[in-house]
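# Below are the sequence and a predicted model; questions follow.
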Amino acid sequence: MSHLVILNLGKGECDRGCPAVTAQLWLQDDKVPMQVTGSLPAAPELGSLYYRWQQLYAALYAHRGWRQAELTQKYVEIDVVSRSARSDPDSDFEIEQDETYVTDISEATFKQLCQELHDQLNTWLNVDTFRSIDRHLRTRLSPSDEVRLIIMAESHALLRLPWHLWHFLEDYPRAELALSLPEYTRSIKTASTTPKATVNILAILGNRQGINITRDQELLEQLPDTTLNLLVEPNLADLHQQLWHPGWDVLFFAGHSSSQDTGRIYVNATESLTIAQLRLALKKAIERGLKLAIFNSCDGLELAWSLADLQIPQVIVMREPVPDRIAQEFLKHFLIAFSSGQPLYLAVREARERLQALETQFPCATWLPVICQNPAELPPCWQDWCRQIAPTPDILPPPHPPIAPSPHPPKP
């Protein structure tokens with residue numbers, strides 16, 4: 001069983017610092033955590049550097065022909081080589097035609113910026129007022145330990161920083177991070193009374209213009225011990241109907257998405273949806289056992305935060321616009337590792353790090369996948385979904401196996 005660290009940055013922001021940082025550590029079956037406190041100074045240059053990185057990331061992809069956007073529908077401009085959908089002209093990921101417009105960027109320039117961001121982040125986390133937290137964790141944890149590290153903050157901008165570059169995670173190869181907002185609870189679930197033989201997956205294959213989501217479908221169909229229900233470019237009514245079926249373990253989406261509003265997915269050639277439009281159906285699916293949502297699409301953090309309001313246990317998203325090839329490769333490696341028995345966090349880390357082989361063509365591919373975690377829930381194991389599990393008591397962190405969902409839905 002893994003150890004758990006929750007690093008709570010409170011109301012902090014880069015511009016104003018984090019005056020009250022709390023680190024809580026649960027060692028394996030501990031019901032009560034150890035706790036240490038610290039603080040982080042204001043680091044406005046770090047926030048500015050990350051914003052600059054976002055600009056150059058988008059510009060580099062455009063410069064290399066990866067973001068050849070054209071108007072494909074009245075409601076949205078689709079990026080035809082990545083899984084993003086851009087309809088907000090003020091989006092952080094759109095390079096505007098103004099004085100800050102980036103017309104040319106070299107790989108060397110971008111690589112240097114990435115190194116600066118790495119160095120600035122670790123300089124910030126190495127200040128005296130935070131070093132006691134780092135020292136406490138390193139004293140209690142062995143580099144061979146499996147560690148779930150949850151970064152918690154109110155500021156969405158603070159959570160967007162590339163926390164995986166922290167030296168702590170480099171020194172602990174069996175640690176992986178997740179992001180969380182500070183308000184969470186465990187949803188009330190309907191206990192299962194019948195053992196299951198399969199993992200039940202509801203897969204939505206949305207607007208596919210310019211991307212190959214057929215590969216996503218093939219990867220899902222190769223999974224062992226699964227009941228897979230595929231919805232190909234569904235309308236809202238069909239999606240609602242399927243979500244109301246009891247027994248889903250995993251919700252999967254492939255297609256175009258964006259951070260517009262509170263996150264938006266493009267489910268077919270003419271319709272896009274927010275999580276709010278699916279709120280009641282998703283809430284019921286979570287109560288009935290939905291534990292994991294995977295959005296193999298662009299810029300998914302706002303989708304994750306909307307789902308967090310519904311107390312979903314885990315969401316896996318891409319934090320920035322993602323090339324189609326990277327989305328496919330991550331999904332392949334993650335599904336192989338997770339279905340083979342790897343813990344969720346280690347499966348994500350392995351799949352994320354295997355993307356490094358493609359970074360000469362797709363810079364910063366390893367930066368993109370991230371878990372968003374409800375700290376009141378345990379991460380699932382693939383094998384646990386295929387057998388009857390007793391409900392867990394309401395404690396944090398829960399030391400027992402997660403609640404099993406109700407019986408799987410009938411095939412459509």
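It's in.
# Give me the distance between residue 346 and residue 381.
Separation of residue 346 from residue 381 (CB to CB, to the nearest Å): 11 Å. For the C-beta atoms, the positions are set from N, CA and C on the backbone; glycine is no exception.
# Looking at these two, which is more packed in?
Between residue 346 and residue 381, counted using other CB atoms under 10 Å, the more crowded position is residue 346 (20 against 16).
# State the helix or strand in which the more buried one lies.
In this assignment (DSSP states H and E), residue 346 forms part of helix 344-354.
# Flag the shaky bits of the stretch 251-400 of the chain, pLDDT-wise.
Counting by pLDDT under 70, the ranges of the stretch 251-400 of the chain that qualify are 260-261, 387-400.
# give me that answer again for 80
259-262, 386-400 (pLDDT under 80).
# can you pull out the strands in it?
256-258, 264-266, 272-274, 292-296, 314-318, 369-373 (DSSP state E, counting those that start in this stretch).
# Out of those strands, which gets nearest to residue 2?
Each of the strands of the stretch 251-400 of the chain has some distance to residue 2 by CB to CB; the shortest is strand 369-373, at 12.2 Å.
# Listing partners with orientation, what would you give for the closest one?
strand 175-180 (parallel), strand 314-318 (antiparallel) (DSSP bridges).
# between the longest one and helix 344-354, how big is the angle?
Strand 175-180 runs at 110 degrees relative to helix 344-354, counting by axes from the mean of the first three to the mean of the last three CA atoms, to 10 degrees.
# same deal with the shortest one?
Going by the same axes, to 10 degrees, strand 314-318 is angled at 10 degrees with respect to helix 344-354.
# Distance from strand 314-318 to the middle of the chain?
Its chain's C-alpha centre and that of strand 314-318 lie 3 Å apart, by CA atoms, centre = their mean, to the nearest Å.
# For it, C-alpha coordinates in PDB please.
The C-alpha trace of strand 314-318 is given here as PDB (Å, rounded to 0.1, in the frame of the first residue of the first chain):
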ATOM      1  CA  GLN A 314     -10.400  10.500  -9.800                       C
ATOM      2  CA  VAL A 315     -10.100  12.200 -13.100                       C
ATOM      3  CA  ILE A 316      -7.200  12.000 -15.600                       C
ATOM      4  CA  VAL A 317      -6.800  14.900 -18.000                       C
ATOM      5  CA  MET A 318      -4.300  16.600 -20.200                       C
END
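# quick one on the thing from earlier: pick the most deeply packed of the strands of the stretch 251-400 of the chain.
strand 256-258 (a mean of 30; mean count of other CB atoms under 10 Å).
# Residue 140 contacts residue 30, correct?
No: counting by CB atoms under 8 Å, residue 140 stays clear of residue 30, with 10.7 Å between them.
# for the chain, which strand is longest?
strand 18-26 (DSSP state E).
# What strands flank that strand, and is each parallel or antiparallel?
strand 3-8 (antiparallel), strand 34-40 (antiparallel).
# want to try a markdown table for those, with mean neighbour count as columns?
Listed next are the strands paired with strand 18-26 as a markdown table, based on neighbours: other CB atoms under 10 Å:
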| stretch | mean neighbour count |
| --- | --- |
| strand 3-8 | 23 |
| strand 34-40 | 17 |
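# end-to-end on stretch 220-239?
19 Å (CA to CA, to the nearest Å).
# Excluding its own residues, what touches it? List them.
The contact list for stretch 220-239 (CB atoms under 8 Å, 6 or more residues apart in numbering) reads 197-208, 217, 242, 252, 267-269, 271, 273, 277-278, 281, 335, 339, 386, 408-409, 411-412.
# buried set for it?
For stretch 220-239, the neighbour count (16 or more other CB atoms under 10 Å) marks 220, 223, 226, 227, 228, 229, 231, 233, 234, 238, 239 as buried.
# tell me the pLDDT at residue 22?
pLDDT for residue 22: 98.
# one step back: among the strands paired with strand 369-373, which is nearest residue 350?
strand 175-180 (9.0 Å).
# show me the contacts for the closest residue to residue 18 other than its chain neighbours.
In this structure, residue 18 finds its nearest non-sequential neighbour in residue 12, 2.8 Å apart by CB to CB, 6 or more residues apart in numbering. Contact analysis of residue 12 by CB under 8 Å, 6+ apart lists 18, 19, 20, 21, 40, 153, 154, 155, 158.
# what are the ranges of the helices in this structure?
44-63, 107-124, 128-140, 156-159, 167-171, 214-221, 236-243, 279-287, 301-308, 324-339, 344-354 (DSSP state H).
# Show me what the longest one is packed up against.
This points to helix 44-63. helix 107-124 (3 or more CB pairs under 8 Å, 6 or more residues apart in numbering; DSSP states H and E).
# Only the buried residues of the helix it packs on, if you could.
In helix 107-124, counting by 16+ other CB under 10 Å, buried: 110, 113, 114, 117, 120, 121, 124.
# All good on my end, thank you.
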